[in-house]
Structure formats: C-alpha cells, structure tokens
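> Any chance you could fold what I've pasted below:
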Amino acid sequence: MTEPRAQLIPKEPAHSPLVLIIDDEEPIRRFLRVALEHQGYRTKEAGTANEGLLLARTQRPDLVLLDLGLPDSDGLLVTRQLRADSKVPIVVLSAREQEQDKVNALDAGADDYLTKPFGLAELSARIRVALRHANTRAGVANAYELTAGDRTLRVDLEARSVTITQAGQSTDIRLTPTEFQLLALLVKHAGKVLTHQMILREVWGPTHTHDVQYLRVYAGQLRRKIEADPAQPRFLLTEPAVGYRLTASE
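Next comes the predicted model:
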C-alpha cells in the first residue's frame, strides 16, 4: 500500500503550539494559562475582542480559545472576523448552552464548542484534535487516515476508495455515491463539528437543510460500514442536537 499524501495524525510540530485565550474573566484566563503551559503549550491572553483580534494578527497563534461574552463585541462577530483572513482553529468556550448558540458559533466558522463549566481533560482532547486537523489542512491532502485502537480508516478522495485495516488485514469498504460524498465532507473537516444544516446543504443541496432525519439515516448506514460497533462509534461521533464530527478516539 502506498503511503498517504496526508494523514490526520502528523508528526509533532517543531515548536510548541501557541494558544491565544480571549476571555474577559481573568480567573478563567489564569486557569487556562497555567493548565496549558503545564502541558507544553505557549499562551497569549486578551480580555477584550479588540485586543484579541490584534494579538491574532500580530502573534499568529496556532489555536484560539474564544469566549462569546466579551465586553466590547459579541464572540460570533469575532469568530467571523478571525475567519475572514485566517484558518486558525477556533474553539469556543461559552456559558451559552442553547442548541442555537452552538449552531450559530459553528456556522460562523468555529471549529468546536465547549460549554462552561468544562473538564480540562475534554478541553485538552479537543485542542489536540483541532491542531491535528489544522496540520493536515496546511498541506494538499487527498488521502486521510484515522486510527482508533487497532482499527484504521483510510479515505482516498482522488481514488474514491475507503479501506479499513484491523489486525493487519485490510478490507475495501463499498459506499454508495451519496455515502462517499458524506464521508468525504466529514473527513475533509475531520475533528471539526459540522452542523446538520451545513452537511445537508453541502451534500444534498440548499433545499434539503431541514431534512435532519434523512441525514441520520445515512449516518447510520455509514457507521454500519466503517465502525467495529455501530452502537458505540469511535470514528463518526454525534454532537447531540447539533451535528456530527469525524475523528479518532483519543
């Protein structure tokens, strides 16, 4: 088997990733700074939207942790401004827990969304996934690999092939055109939450953005083909009431 041109588990970067923390609550910034620096990350902090946007442009962080409730601007606007000229991963940390708040943030360009209060272990895992995805996206990727336990999923977009390797044995997975289109969209955004509406618009078109049950049927079909146990998926994960994420289990 030829080596893939891009993988979702790249080599570690030569420098410690720089994380920009934009949050108006100083105790939270301090907690995040200490926790992240203990894990080997470098950090910069901002307490306002304007300060955060300035640091994002001058310091060029590898990832942004963004609170939505900033004193001088709404975090959704900050997300759009960051996304207008940068592909930096954005992980939203917010006390807003309504489904529509999450959907709005993801549609604005955020890569992930965690509701406060959150666990440090989960935040760390989300950061690692977002950084891996960004490293892959920096190159020209036609083939992707995700590994969970002893099971590896390989998707070659150019050859339109899908392979599962387990215990040294490789099996070609046959997908319908729509199933492959769905998987291709998810793998190109691996590690990022895609909303139901975003997936339906990209795969089925703008007239189908409310056909969530239709999407659930196809997600179920895809799980039956790529997961060892579709009832306990490790690749295709559900974000309840929001959408789906394709990732490898930590």
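> Tell me where this protein has helices.
Using DSSP state H, the helices found in the chain span residues 26-38, 49-59, 75-85, 99-108, 120-137, 177-188, 196-204, 212-226.
> Lowest mean pLDDT across these, which one is that?
Lowest mean pLDDT within those: helix 120-137, at a mean of 83.
> elements contacting it?
strand 63-66, strand 90-94, strand 112-115 (3 or more CB pairs under 8 Å, 6 or more residues apart in numbering; DSSP states H and E). Backbone N, C-alpha and C define where each C-beta goes, glycine included.
> I'd like to know which of those strands lies nearest to residue 149.
Evaluated with CB to CB, these place strand 112-115 nearest to residue 149, the distance being 22.8 Å.
> Run through who's touching the closest one.
For strand 112-115, contacts defined as CB atoms under 8 Å, 6 or more residues apart in numbering pick out 89-97, 102, 105-106, 122-123, 126, 129-130, 191-193, 242.
> got a list of what the closest residue to residue 116 other than its chain neighbours touches?
Nearest residue to residue 116, sequence neighbours excluded (CB to CB, 6 or more residues apart in numbering): residue 95, at 4.6 Å. Neighbour list for residue 95: 69, 115, 116 [criterion: CB under 8 Å, 6+ apart].
> Would you mind naming the residues that bridge with the second one?
Beta-bridge partners for residue 115, by DSSP bridges, are residue 94.
> ok, it - how many residues close by?
14 (other CB atoms under 10 Å).
> All further residue positions should be reported with the first residue as 58.
Fine by me, first position is 58 from now on; the one you just mentioned is residue 172.
> which of the helices and strands packed on helix 177-194 is buried the deepest?
Greatest average neighbour count among those goes to strand 120-123 (a mean of 26), per mean count of other CB atoms under 10 Å.
> In the sheet, which strands lie alongside that one, parallel or antiparallel?
Strand 120-123 pairs in its sheet with strand 75-79 (parallel), strand 147-151 (parallel), by DSSP bridges.
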